[in-house]
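In: Provide a 3D model corresponding to the input given below.
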Amino acid sequence: MERVDVSRRSVRRATSIAIAGAMAIALAGTVGSGAAIAEENTSTDPIVVSQSLLADPVAPNGSKIVSQEIDGQKLTLKVYSAAMDKDITVYVQRPNDASAPRPVLYLINGAGGGVDRATWWANTNVGDFLATQDVNVVMPVGGPFAYYTDWKNDDPALGRNKWQTFFLEELPPLVDAALGTNGVQAIAANSMTATAVLQYAIAKPGFYSAVAGYSGCAQTSDPIGKEFMKLVVETYGGGDIRNMYGEDDDPLWRENDPVINAEGLRGTPLFISDATGLPGRHEVLGSEFTIGEPDATTGEQALALANQVVVGGVIEGAVHWCTTNLQKRLNELDIPATFDLQPGGTHSWGYWQDAFYRSWPMLSEELGLTEK
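Out: From the prediction side, this is the model:
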């Protein structure tokens, strides 16, 4: 693992990350659904006790929570986004101990936006682990292949996308009031949305106490970065990339490029992770991370593994190129960050689970969950 971290907490984080690696191995035996509930503590959660949110807030632009379902530690909210003029499903996992105001971790899904099975809950045990922590976990669902950014125009295939507005202006005040948080928040994302969280940190400095991105391509405005985004938006999503940032010479491309605008990342604790694309420890037949579906046959598992090695390897190789360019730029600007660059691994969930646990010491520290 290659790391660049010149912050004053670097030694402590190095120790913590080593501990987190051991934690990941211990927890990697089963993939969790995020369903673990600390039963003994739900009785102290005012939302669980009252079966109601703590407030009925409305964001400045009229966005609001229109419905709620409360099932122990898990909440399902419908949030009306005025910017997108539609309801967004938002999953919430309450803190292990919600007897006092707690921080928020926004945990974001990748290219599918959580509308498919490619979610943190379905593919990792991270949800079960976070259920034991004193943090609200917030996971919006929607916006597949839309890069979780604000689009220039509505798209015939992908609709209206104003996700940066949703994450920075609409959702947080609703979450803070309705859940009674302490106002501290961090964000973590994988793949497509790992680009977006860097854009958010630049657009609103200091808003997030920490940002973690796993296998995201930071540069978006050069020819290679554009092709990478076109692959997601057009090939996978069926959309028209011109509706996002315009034609290739539109200034929006450069305005939304985290590498070009890296100065805006100064002051935000960063954890950036990826791998080389070469097969790693999770490329084994029968691994829970390579089975396309829970009841897949041996032949289906083999096809899924081949896809992970070939397609996932190529994608991660391209991501690695983007990430090293971001690392170079941050070094030029003398901006501290932690780069977690693994020698082996593909664009797949096993490595994102591992990376999350390596990033957790930084995230938890900046959320105020560990002693500073």
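
In: what's near enough to touch residue 246?
Out: Contact criterion CB atoms under 8 Å, 6 or more residues apart in numbering gives 152, 252, 253 as the residues in contact with residue 246. For glycine as for every other residue, the C-beta is placed from the backbone atoms N, C-alpha and C.

In: Buried members of those residues into ChimeraX, please.
Out: A single ChimeraX command is used to select the members of the contacts of residue 246 judged buried by 16 or more other CB atoms under 10 Å:
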select :252,253
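
In: Number of residues surrounding residue 177?
Out: Residues lying near residue 177 (other CB atoms under 10 Å) number 17.

In: Can you show me the helices along the stretch 251-372 of the chain?
Out: Applying DSSP state H, counting those that start in this stretch to the stretch 251-372 of the chain gives helices spanning 251-255, 298-332, 349-366.

In: ok so, going back, let's have the contacts of residue 246 in TSV, adding pLDDT and distance to residue 129.
Out: TSV is the format used below for the contacts of residue 246 (pLDDT from 0 to 100; distance: CB to CB, whole Å):
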residue	pLDDT	distance to residue 129
152	97	39
252	96	38
253	96	38
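
In: could you dump the contacts of residue 246 to JSON lines with distance to residue 187?
Out: Converted to JSON lines, the contacts of residue 246 look like this (distance: CB to CB, whole Å):
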{"residue": "152", "distance to residue 187": "24"}
{"residue": "252", "distance to residue 187": "22"}
{"residue": "253", "distance to residue 187": "23"}
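
In: Closest to residue 124 out of the contacts of residue 246?
Out: Within the contacts of residue 246, distances to residue 124 taken as CB to CB reach their minimum at residue 253, with 32.6 Å.

In: Contacts only, for the residue lying closest to that closest one once chain neighbours are set aside.
Out: Taking CB to CB, 6 or more residues apart in numbering, and ignoring the residues beside it in sequence, residue 253 has residue 221 as its nearest neighbour in space, at 4.0 Å. With contacts defined as CB under 8 Å, 6+ apart, the neighbours of residue 221 are 253, 254, 256, 257, 260.

In: Low-confidence ranges, the stretch 1-150 of the chain, go.
Out: 1-42 (pLDDT under 70).

In: mind listing the strands in it by residue range?
Out: Assigned by DSSP state E, counting those that start in this stretch, the strands in the stretch 1-150 of the chain fall at 64-71, 74-81, 86-93, 104-108, 136-141.

In: Select, out of those strands, the one closest to residue 312.
Out: The closest approach between residue 312 and any of the strands of the stretch 1-150 of the chain, judged by CB to CB, belongs to strand 104-108 at 19.4 Å.
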